[in-house]
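Engineer: Fold the following and give me the result.
(one chain, ligands or ions: 1)
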Amino acid sequence: MGLSKFAFTLLATDPKSMARAGLWETPHGTIETPAFMPVGTAGTVKGLTPDQLVATGARKILANTYHLALRPGPEVVADLGGLHRFFDWSGPILTDSGGFQIFSLAKLSRMTEEGVTFRSHLDGSALNLTPEKAMSIQEFLGADVIMCLDECPPADAPEEHILRAVDRTTRWAARCREAHQRSDQALFGIVQGGTIESLRIRSAEALLPFDFPGYAVGGLSVGEPPPEMYRTLEFTTPVLPVQKPRYLMGVGRPIDLIEGVLRGIDLFDCVMPTRNGRNGMAFTSTGPVRLKNARHLRDTSPLDAECPCQACQRFSRGYLRHLFMCGEMLGPILLTLHNLTFYQRLMKGLREAILEGRGHEFRASQLARWG
Ligand SMILES: CNc1nc2cc3c(=O)[nH]c(N)nc3c(CC[C@H]3O[C@@H](OC)[C@H](OC)[C@@H]3OC)c2[nH]1
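Structural biologist: Numbering: from 1, shown residues only. Below you'll find the model as predicted:
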């Protein structure tokens, strides 16, 4: 059975929370969970070479179907050897189905039962994304983990809109399951339902019979208050299979990763460490640091004394600030390197705490230091 390639082994579950630590086998290596996946939208984590990315501790990255489907196009990526060859990444890769990006990026988009029609944000050309096309695109790209095409309603959508999105997402999941051919790829179902318990349960229960190798919690990190996201996880993850990985899409800040793990999430992705890094905002073990702030002008201290990354081991805060003030490209590169190292070290610490039975104490230990 092809999907035996995606065995997920639980190593420990925290006695006082839903936190778990596990090992997830993929055709491109084993992922230690909980894990954070850096976002690489157009086939690159902006500013980093693959070796630098490995140095941060990352073992899995994302590409993004919407961007690559438009440019250079799935067939071109396939002709160039597929995503792993394309950016010479030997680790696992996950792609999204593209539906979410279409709503956040495309100029015009319209959704019907058939699929989503939209105009490319690049050249305005009209495109049509159906569940079947989302499968063939992701098969051409060749990621290890691919996502169903789903409908992610805005956080403030009325309940009947969220209900319609849940049921369409379920119908599209059936079409994706039907259309997906490659047995060396794991197709994840995506649970919708906003922050409404009955609709989250409806969505999760409707996806269980498909026996997906993993389940994503979608429809969050779309503007809802964090406590609403946490509450939603509390009644959503228990409906999902214990023995399958759970992926919370688009999340989040460091505290959101901790709160998500404590509520049973295994995988995360977010642009925050890379995007904030490019803008001079660093996550550190004593809280966030805005490097463009004048207070760092003559600061000889490292960005984060506990961090093993190049930015912290070799340079002063004064130098890093200088790079940003001059618009030097080394600034964003070094802070991207640092922020991803911070996220990977955070997940490593959380995983070790869970393995030692003290996962539930991890939040307090971190918050005390972040100020
Ligand atoms: C920021 N908040 C957020 N909430 C989200 C909710 C959904 C959702 O319900 N369904 C789908 N299909 N995708 C979602 C996504 C996009 C994740 C992708 O966004 C990409 O980041 C730019 C990344 O791809 C490099 C990732 O692909 C795996 C969300 N992002």
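Engineer: From here on, just use CA atoms for contacts and neighbour counts.
Structural biologist: OK.
Engineer: burial count for the residue in the chain that the ligand sits nearest to?
Structural biologist: The ligand sits closest to G218 of the chain, with a gap of 3.2 Å, by CA to the nearest ligand atom. By other CA atoms under 10 Å, 22 other residues sit near G218.
Engineer: looking at it, it is touching T237, isn't it?
Structural biologist: No - using CA atoms under 8 Å, G218 is not in contact with T237; the gap is 11.8 Å.
Engineer: Give me the three-state assignment for R298.
Structural biologist: Put simply, R298 is coil when judged by DSSP: H, G, I helix; E, B strand; the rest coil.
Engineer: so what's the backbone phi/psi at it?
Structural biologist: Torsion angles at R298 (phi, psi; degrees, to the nearest 10) stand at phi -110, psi 20.
Engineer: That one contacts G318, correct?
Structural biologist: Yes - under the criterion of CA under 8 Å, R298 makes contact with G318 at 5.2 Å.
Engineer: separation between the residue of the chain closest to the ligand and R171?
Structural biologist: Between G218 and R171 the distance is 16 Å, computed by CA to CA, to the nearest Å.
Engineer: Quick one, grab the pLDDT at the residue nearest the centre of the chain.
Structural biologist: Within the chain, one residue has its C-alpha closest to the average C-alpha position: by CA atoms, centre = their mean, that is D269, at 1.7 Å. According to the prediction, D269 has pLDDT 97.
Engineer: I figured it hits V251, correct?
Structural biologist: Yes - judged on CA under 8 Å, D269 makes contact with V251 at a distance of 5.7 Å.
Engineer: Straight-line length of stretch 201-214, end to end?
Structural biologist: Its first and final residues considered, stretch 201-214 spans 16 Å by CA to CA.
Engineer: list the buried ones in that stretch?
Structural biologist: Neighbour-count burial for stretch 201-214, counted by 16 or more other CA atoms under 10 Å, picks out 201-207, 212-214.
Engineer: again, but for stretch 269-289
Structural biologist: Of the residues in stretch 269-289, 269-285, 289 count as buried by neighbour count, 16+ other CA under 10 Å.
Engineer: same check, this time on stretch 297-317
Structural biologist: Buried residues in stretch 297-317, counted by 16+ other CA under 10 Å: 297, 302-304, 307-312, 316-317.
Engineer: Report the two of those residues separated the most.
Structural biologist: By the measure CA to CA, L297 and P308 form the most distant pair in the buried residues of stretch 297-317, at 22.6 Å.
Engineer: Around the ligand, pick out the residues from the chain.
Structural biologist: 39-41, 62-64, 95-97, 99-100, 150, 152, 218-222, 249-250, 271 (CA under 6 Å from any ligand atom).
Engineer: can we see that at 5 Å?
Structural biologist: The chain comes close to the ligand at residues 39, 41, 62-64, 96, 100, 152, 218-219, 221, 249-250, as judged by CA under 5 Å from any ligand atom.
Engineer: okay, those residues in a markdown table with pLDDT and distance to F188 next?
Structural biologist: Below are the residues of the chain next to the ligand laid out as a markdown table (pLDDT from 0 to 100; distance: CA to CA, whole Å):
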| residue | pLDDT | distance to F188 |
| --- | --- | --- |
| V39 | 95 | 18 |
| T41 | 90 | 19 |
| L62 | 85 | 14 |
| A63 | 83 | 15 |
| N64 | 84 | 15 |
| D96 | 97 | 10 |
| F100 | 92 | 15 |
| C152 | 95 | 15 |
| G218 | 98 | 11 |
| G219 | 97 | 15 |
| S221 | 96 | 19 |
| M249 | 98 | 12 |
| G250 | 97 | 15 |
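Engineer: Let's see if you can find the most crowded of these.
Structural biologist: G219 (29 neighbours).
Engineer: ok, now which ones touch that residue?
Structural biologist: Listed by CA atoms under 8 Å, 6 or more residues apart in numbering, the contact partners of G219 are 152-155, 191-194, 249.
Engineer: One more pass at 6 Å, please.
Structural biologist: 152, 192, 194 (CA atoms under 6 Å, 6 or more residues apart in numbering).
Engineer: cool, A106 as well?
Structural biologist: 119-121.
Engineer: Drop anything exposed from these.
Structural biologist: 119-120.
Engineer: ok, R363 - how many residues close by?
Structural biologist: Applying other CA under 10 Å, we find 15 residues neighbouring R363.
Engineer: make that R345, sorry
Structural biologist: There are 18 residues near R345, going by other CA under 10 Å.
Engineer: what's the helix or strand for the nearest residue to it once chain neighbours are set aside?
Structural biologist: Leaving out its chain neighbours, the residue that sits closest to R345 by CA to CA, 6 or more residues apart in numbering is G57, at 7.8 Å. For G57, there is no helix or strand it lies in under DSSP states H and E.
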